[in-house]
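In: Quick one: sequence plus predicted model below, questions after.
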Amino acid sequence: MTHTSILSLLGAADLSLAPIDVTAVLDRLVQQADADAATSIGFPGAVDLDHSKVMARLGSRLWNNIGDPADPGGTAHTRVLERAVITWVADILSMPADDRWGYVTTGGTEGNLAALHAAYRRYPTARIYYSTAAHYSISKTAAILGARSVVIDARPDGEMDYAHLAAQVRRRRRWPAIVVATAGTTMTEAVDDTTRIRAVLDEYGAGGHLHVDAALSGIPLALDGRLRLDDAGGIGSIAMSGHKFLGVPTPCGVVLIRDGVRSHSSHVAYTDTVDTTITGSRCGLAAALLWHAIATHGREGHRWRVSEARTLAAYAVNQLTAAGWPAWRHPHAFTVVLATPPEQVRKKWLLATDGDTSHIICMPGVSKGQVDAFVADIAAAAPPRSIPQSRLSPQSPTPPLGTDCLPMPSTDRHGGEFI
């Protein structure tokens, strides 16, 4: 049953109707969410962390982190926890202590917007390059900024086509380049190689800015040491989600930007804060939840969570292929890519599907029992159906360091643009 039908059933679709049984509406929403949870393995949200202590202590009032995380003023804010979150994430990314700035966002989309806004203000004639496997927020951000964008081909496994990037940068070498690499694409969790991207920019003297959209995979790869924002890497900014790997029960994220990239904003008198963020007022509860997830597990606890999730993903690939159903995963990925199952399986299990390809994501909290039940349903539904080998298998191993989009109207599929 959909949420709309639930509300209609309870007479709550029209709020002008009275009286409304509020408790019944809320209870029904919880019941439906609980029922969905058993078969929700297609989208990235960890469910193994308990955030109830934070919600019990802080959940009944407004916590407004208005302004910059370093601002001292205001009442009922959690900026001290926000700063601790930013420091921890920057540290695991080896970001230089004297060249870092960031804040807790509403999610990966805001993080991408904040980072690309800062880069575009610095390079106002730049072209923004991103692959066809990039998250849809990248094309949306380019449109919001009024920037010209160039769409780069992605390989069948989801990783950026670096030869195509080089060709497009070479054609536009007179303009700075802002390149978006993805660390964990939406369908295959592919990871773009920032070293190769940086080499392309250096070869053609494009300069500019390298941003990483690491909504899902940023923290796991950073804990591995495979994703670094040190001086050698040449990455200028990164955006990550907090409700994915850290399982925070509200959409949120973290953006980190080199302090030398961003332009410093003005003081707002009536709030006694500096307006450095996209939203101004920000959810202090989200910062507290992120801090709690980090503080209660630490680096080693989260490394263990990463290892367990990857082990389960490898198990899922083995079980699916043993059942005669094509499946694969990138090294270090939680995501298992498989031939799209029959309709009855898709109706039961909440999968992400793109044509003849689907995926499940073995996030922390997904169980071996869920994987076994999913594989059993596929085996019972129909004989296995293959998909073209070029789409089913990665073309090469994922590099040490990679979400799906629609190109902007001002671009074409092969990197053309209206100049």
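Out: Thanks, I have it.
In: from here on, contacts and neighbour counts on C-alpha atoms
Out: Will do.
In: mind listing the strands for this structure?
Out: Remark: strands assigned in the chain by DSSP state E are 101-105, 127-131, 148-152, 177-182, 209-213, 237-241, 253-257, 267-268, 273-274, 327-328, 335-339, 352-354, 357-361.
In: among those strands, which is nearest Asp91?
Out: strand 253-257 (11.1 Å; C-alpha to C-alpha).
In: close enough to count as contact, Ala333 and Glu189?
Out: Yes. Counting by C-alpha atoms under 8 Å, Ala333 does reach Glu189; the two are 6.2 Å apart.
In: So which of the two has more stuff around it?
Out: Taking other C-alpha atoms under 10 Å, Ala333 and Glu189 do not tie; Glu189 has more neighbours (31 against 26).
In: Please look at Thr141 and Leu113 and confirm they touch.
Out: Yes. If you go by C-alpha under 8 Å, Thr141 and Leu113 touch, sitting 5.6 Å apart.
In: quick revisit: comparing the strands of the chain, which comes out most buried?
Out: strand 237-241 (a mean of 30; mean count of other C-alpha atoms under 10 Å).
In: what residues does it touch?
Out: Residues from elsewhere that reach strand 237-241, judged by C-alpha atoms under 8 Å, 6 or more residues apart in numbering: 107-108, 111-112, 115, 210-219, 251-258.
In: Report the angle between it and strand 177-182.
Out: Relative orientation of strand 237-241 and strand 177-182, computed by axes from the mean of the first three to the mean of the last three C-alpha atoms, to 10 degrees: 30 degrees.
In: Please tell me how far strand 237-241 is from the chain's geometric centre.
Out: When C-alpha coordinates are averaged (C-alpha atoms, centre = their mean, to the nearest Å), strand 237-241 and its chain have centres 8 Å apart.
In: Adjacent strands (with direction) for it?
Out: Strand 237-241 has the following strand partners under DSSP bridges: strand 209-213 (parallel), strand 253-257 (antiparallel).
In: Report the mean confidence score over the last one.
Out: Averaging the model's pLDDT scores along strand 253-257 yields 98.
In: for stretch 218-232, same thing?
Out: 96.
In: same deal with stretch 22-36?
Out: 88.
In: Check which residues of it are buried.
Out: 25, 28-29 (16 or more other C-alpha atoms under 10 Å).
In: quick one on the thing from earlier: Throw the strands paired with strand 237-241 into a markdown table and include distance to Arg172, thanks.
Out: Below are the strands paired with strand 237-241 laid out as a markdown table (distance: least, C-alpha to C-alpha, whole Å):
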| stretch | distance to Arg172 |
| --- | --- |
| strand 209-213 | 15 |
| strand 253-257 | 25 |
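In: Which among those is found nearest to Tyr130?
Out: So among these, strand 209-213 is nearest, using C-alpha to C-alpha, at 9.9 Å.
In: angle of that closest one against strand 127-131?
Out: Using the same axes, to 10 degrees: strand 209-213 against strand 127-131 is 30 degrees.
In: So what's the gap between strand 209-213 and the chain middle?
Out: With C-alpha atoms, centre = their mean, you get 13 Å for strand 209-213.
In: now swap in stretch 117-126 and tell me
Out: 22 Å.
In: Look at the spatially most central residue of the chain and report its pLDDT.
Out: Nearest to the mean C-alpha position of the chain, by C-alpha atoms, centre = their mean, lies Ala215 at 2.1 Å. The confidence metric pLDDT takes the value 96 at Ala215.
In: residue contacts, it?
Out: 108, 183-184, 239-241, 244, 253.
In: Nearest to Ala126 among those?
Out: Nearest to Ala126 among the contacts of Ala215, with distances taken as C-alpha to C-alpha, is Ala239, at 19.9 Å.
In: pLDDT value on that closest one, please?
Out: Ala239 is given a pLDDT of 98.
In: Name whatever forms a beta bridge with the closest residue in space to it that isn't next to it in sequence.
Out: Distances taken as C-alpha to C-alpha, 6 or more residues apart in numbering place Val255 nearest to Ala239, at 4.4 Å, with adjacent residues excluded. Beta bridges link Val255 to Tyr103, Ala239 when assigned by DSSP bridges.
In: and Val255, how far is that from Met187?
Out: 22 Å (C-alpha to C-alpha, to the nearest Å).
In: Going by residue numbers, what spans are helices in the stretch 151-300 of the chain?
Out: 162-171, 194-203, 218-224, 284-295, 298-322 (DSSP state H, counting those that start in this stretch).
In: so what's the backbone phi/psi at the residue nearest to the centre of the chain?
Out: Dihedral pair for Ala215: phi -50, psi -50, per degrees, to the nearest 10.
In: hmm, who's touching stretch 331-338?
Out: 184, 187-190, 217, 309-310, 313, 316-317, 325-329, 357-363, 392, 397-398.
In: Let's see that with 6 Å instead.
Out: Stretch 331-338 is contacted by residues 310, 313, 326-329, 357-362 when judged by C-alpha atoms under 6 Å, 6 or more residues apart in numbering.
In: So what would you say the end-to-end distance of it is?
Out: Taking C-alpha to C-alpha as the criterion, the two ends of stretch 331-338 lie 15 Å apart.
In: least trustworthy helix or strand in this structure by mean pLDDT?
Out: helix 389-392 (a mean of 43; mean pLDDT, DSSP states H and E).
In: Looking at the buried residues of stretch 22-36, which is nearest Arg148?
Out: Leu29 (42.6 Å).
In: From Val22, how far off is the closest one?
Out: 11 Å.
In: pLDDT below threshold where in the stretch 101-250 of the chain?
Out: For the stretch 101-250 of the chain, no stretch is flagged by pLDDT under 70.
In: again, only this time at 90
Out: For the stretch 101-250 of the chain, the stretches with pLDDT under 90 are 205-207.
In: returning to that earlier point: tabulate the helices of the stretch 151-300 of the chain (JSON lines), appending distance to Ala70.
Out: Output for the helices of the stretch 151-300 of the chain, formatted as JSON lines (distance: least, C-alpha to C-alpha, whole Å):
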{"stretch": "helix 162-171", "distance to Ala70": "38"}
{"stretch": "helix 194-203", "distance to Ala70": "30"}
{"stretch": "helix 218-224", "distance to Ala70": "23"}
{"stretch": "helix 284-295", "distance to Ala70": "13"}
{"stretch": "helix 298-322", "distance to Ala70": "23"}
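In: closest one to Ala37 among those helices?
Out: Of those, nearest to Ala37 by C-alpha to C-alpha is helix 298-322, at 17.1 Å.
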